[in-house]
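Novice: just need the structure, nothing else, for what follows:
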Amino acid sequence: MASFLLHFALLQAAVLAGFDRSVCAAAGPVAQPNILLIFPDQWRFDWAGDVWSLGALRTPNFNEVVANGTVFTRAYVASPLCAPSRACLASGREYDEAGVPSNFGNDYPIKTTTFYKILRDQAGYHTMSCGKDDLTKKSQPGLNGSYHAEELGFSDYLRSSGKMDVVSSKDPHEPFGVFLQEQNLWDVHKKEWHGSEGDCQWKSYVCNKSSPLPDFAYEDNWIARNALTLLKRKPANKPWFLQVNIAGPHPPFSITENMTETVRGRAFPNAVDHTTLTDAQQQIVRQDYAAEIENIDKWIGELVSFVQTSGEMDSTLICIASDHGEMLGDHDDWGKTQPWQGSASVPLTCMGKMIGVLVGQKITRPVSTMDMAATFLDYAVAKPDTGMTSTTLRPLLEGREKSNREFVSSGLGSWRAVVMYVNETEIYKLICCNGTCPGQPRNATHTPSPMATLRRRLVTPSSHLGDCNSYPPSMLPLDCRMSLAEEATMNGGAGPCDNIISDGTNAMDNVNDDIVV
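Specialist: Numbers count the residues shown, from 1 in each chain. I've put the predicted structure just below:
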């Protein structure tokens, strides 16, 4: 321990003195690797390339990262909603501690130190962010994206708003809207989503027409180009961090004409337990969602290629994840905010062979995306801030440990959930709701929970929800009626919980669908 602390102190002193990392790289693994986090919005776990064998989905670049690194097949978010989830990641804290309980209640509390700020101010990193980080979602990032950017810990930035936030005002109020106005496309874009033509229906999921925007003005493409701009102007001989907050595949599922041509005619699995849309409408939704993901995959390739051609591949840790999933019509539910698998579970993979990340490793035990904060600080040789509960994934990435947590937690509003690995054939999710669980599947079965241990893990001391076991059922007050729900996988190799891709063709199976007690 003493030798580690001495090494840590010497390295930090060297960082502050502005040492040349190329000299250290020649002697062995890079002590402070560059970090590239590609972080799209609303990408559900089982629409992630070859990981779930969804054969109709074409994501060669995501697959390449998986093949050359480590993939987590059961990654959960700390909260399945944009601003809370991103606040949990930024702060390295659980939902009840991160300070952002909803999307528009308040901005990220800048007095709570972010891991970005630690990377910049303590570890000497050049920290960059582009796209919709949603850390100032209530106030929005401002016309030039600078609102609270420095306080959040960014050295350079090209921040912007998410899809619907962009067109939430009469005139542009953030950088992407300004860009559209400069291209004489602002009114075109607003009419697309707010006009009377009805291009997108059913909560903006069924889009009957292609977007009128040209490819260069599509928001995901604009954000990804900004990421390359940031990489091109970063300083030399200094470790860097870049978070690329791509706006898709968040709805509206409005895609360009060229994107439309790539997916029409391909068949994707329909939603589980769905009664609202016709099969034809479901296919439009799923083709458009696939087109957004495949377009993001193209930019994953572009970003990785830039790192490669710049000679920094051996000194860069590359991770891909998302802030939450998308129910995509399962159980007639859309969007996120719910504890069910499609909403709360996301892709997560990291690559960095020369950094120590194992190649071809698949980790099936539950992990939390908020633990990327501690992971990045670990690789940067930086100390987490007091109060951070994020736990490093580095021992898992390098094959030294099988798990970094006893359980994984998630929550939002009226519910809290925990997911716990029991053994190689059993993984349980227990959900505590104040009232009826949101979007509770119709086909849920009722059974006593075998996982009393999980109940004790559900509620943090600061949670307003209360303890699901604090009252016997006969004594629950009317304003605190709680129900418990549990998802279980009895065959770990088959896939988790309520929605899995079974065979990569057109069938999506249910495995031990959500259990309510």
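Novice: if you go through the stretch 51-200 of the chain in chain order, where are the strands?
Specialist: Ranges of strands within the stretch 51-200 of the chain are 69-76, 126-131, 156-159, 200-201, based on DSSP state E, counting those that start in this stretch.
Novice: figure out which of these is closest to His250.
Specialist: Nearest to His250, of all those, is strand 126-131, at 11.2 Å by C-beta to C-beta. Yep, even glycine has a C-beta here, placed from its N, CA and C like the rest.
Novice: can I get that closest one in PDB, CA atoms only?
Specialist: Written as PDB, here are the backbone C-alpha positions of strand 126-131 (Å, rounded to 0.1, in the frame of the first residue of the first chain):
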ATOM      1  CA  HIS A 126      -7.900  17.800 -20.900                       C
ATOM      2  CA  THR A 127     -11.600  17.100 -20.500                       C
ATOM      3  CA  MET A 128     -14.100  17.500 -23.400                       C
ATOM      4  CA  SER A 129     -17.800  17.000 -23.900                       C
ATOM      5  CA  CYS A 130     -20.100  17.400 -26.900                       C
ATOM      6  CA  GLY A 131     -23.800  16.800 -27.500                       C
END
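Novice: can you point me to the longest helix in this protein?
Specialist: Secondary structure of the chain per DSSP state H: the longest helix is helix 279-309.
Novice: next SSE after that one?
Specialist: strand 316-320 (DSSP states H and E).
Novice: neighbouring strands of that following strand in the sheet, and parallel or not?
Specialist: Using DSSP bridges, strand 316-320 pairs in its sheet with strand 34-38 (parallel), strand 345-351 (antiparallel).
Novice: give me whichever of those is most buried.
Specialist: Highest mean neighbour count among these (mean count of other C-beta atoms under 10 Å): strand 345-351, with a mean of 27.
Novice: pipe the strands of the stretch 51-200 of the chain into TSV and attach mean pLDDT, mean neighbour count and distance to Gly92 per row.
Specialist: Formatted as TSV, those follow (pLDDT from 0 to 100; neighbours: other C-beta atoms under 10 Å; distance: least, C-beta to C-beta, whole Å):
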stretch	mean pLDDT	mean neighbour count	distance to Gly92
strand 69-76	96	25	16
strand 126-131	98	26	15
strand 156-159	98	23	20
strand 200-201	58	17	36
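Novice: make CSV out of those and add distance to Trp193.
Specialist: Formatted as CSV, the strands of the stretch 51-200 of the chain follow (distance: least, C-beta to C-beta, whole Å):
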stretch, distance to Trp193
strand 69-76, 31
strand 126-131, 19
strand 156-159, 21
strand 200-201, 7
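Novice: closest to Lys234 out of these?
Specialist: The nearest among the strands of the stretch 51-200 of the chain, by C-beta to C-beta, is strand 126-131 at 5.4 Å.
Novice: tell me what that closest one is packed against?
Specialist: Strand 126-131 sits against helix 115-121, strand 156-159, helix 219-233, strand 240-245, with contacts defined as 3 or more C-beta pairs under 8 Å, 6 or more residues apart in numbering; DSSP states H and E.
Novice: quickly run through the sheet partners of the shortest one, with directions.
Specialist: In this case it means strand 156-159. When pairing is defined by DSSP bridges, strand 156-159 lines up against strand 126-131 (parallel).
Novice: is the nearest residue to Phe407 once chain neighbours are set aside in a bridge, and if so with what?
Specialist: Leaving aside its sequence neighbours, Phe407 sits nearest to Met420 (C-beta to C-beta, 6 or more residues apart in numbering; 4.2 Å). Counting by DSSP bridges, Met420 is bridged to Tyr428.
Novice: quick one: Met420 from Trp52, how far?
Specialist: 22 Å (C-beta to C-beta, to the nearest Å).
Novice: buried sites along stretch 284-298?
Specialist: Going by neighbour count (16 or more other C-beta atoms under 10 Å), the buried part of stretch 284-298 is 284-298.
Novice: for the stretch 251-400 of the chain, which spans come out with low pLDDT?
Specialist: Within the stretch 251-400 of the chain, no range satisfies pLDDT under 70.
Novice: oh, I was asking about the stretch 401-517 of the chain
Specialist: Applying pLDDT under 70 to the stretch 401-517 of the chain flags the ranges 435-436, 440-517.
Novice: contacting residues around the most centrally placed residue in the chain?
Specialist: With distances taken as C-alpha atoms, centre = their mean, Ser322 lies nearest the centre of the chain, 1.8 Å away. Applying C-beta atoms under 8 Å, 6 or more residues apart in numbering to Ser322 gives the contacts 39-44, 77, 346-347, 369.
Novice: restricted to strands, list these.
Specialist: Mapping these onto strands (DSSP state E) picks out 346-347.
Novice: which of the contacts of Ser322 tops the neighbour count?
Specialist: Highest neighbour count within these: Val77, with 30 neighbours (other C-beta atoms under 10 Å).
Novice: any idea which of the helices and strands packed on strand 126-131 is most buried?
Specialist: strand 240-245 (a mean of 24).
Novice: partners of it, with directions?
Specialist: With DSSP bridges as the test, strand 240-245 is paired with strand 34-38 (parallel), strand 126-131 (parallel).
Novice: can you tell me what sits against the shortest one?
Specialist: Read that as strand 34-38. Strand 34-38 is contacted from outside by 119, 125, 239-244, 246, 299-300, 303, 307, 312, 315-321, 372, 376, 379-380, using C-beta under 8 Å, 6+ apart.
Novice: buried members of those residues into ChimeraX, please.
Specialist: Of the contacts of strand 34-38, the buried ones go into a single ChimeraX selection, burial set by 16+ other C-beta under 10 Å:
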select :119,125,239,240,241,242,243,244,246,299,300,303,307,312,315,316,317,318,319,320,321,372,376,379,380
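Novice: state the distance from Val359 to Pro60.
Specialist: Applying C-beta to C-beta to Val359 and Pro60 gives a distance of 17 Å.
Novice: same check on Tyr108?
Specialist: Tyr108 sits 35 Å away from Pro60, going by C-beta to C-beta.
Novice: who's more crowded, the two?
Specialist: For Tyr108 versus Pro60, neighbours defined as other C-beta under 10 Å are more numerous around Tyr108 (25 against 13).
Novice: show me what contacts the closest residue to that one other than its chain neighbours?
Specialist: Of all residues not flanking Tyr108 in the chain, Leu135 sits nearest, at 4.1 Å (C-beta to C-beta, 6+ apart). Neighbour list for Leu135: 83, 86-87, 90, 107-108, 148, 152 [criterion: C-beta under 8 Å, 6+ apart].
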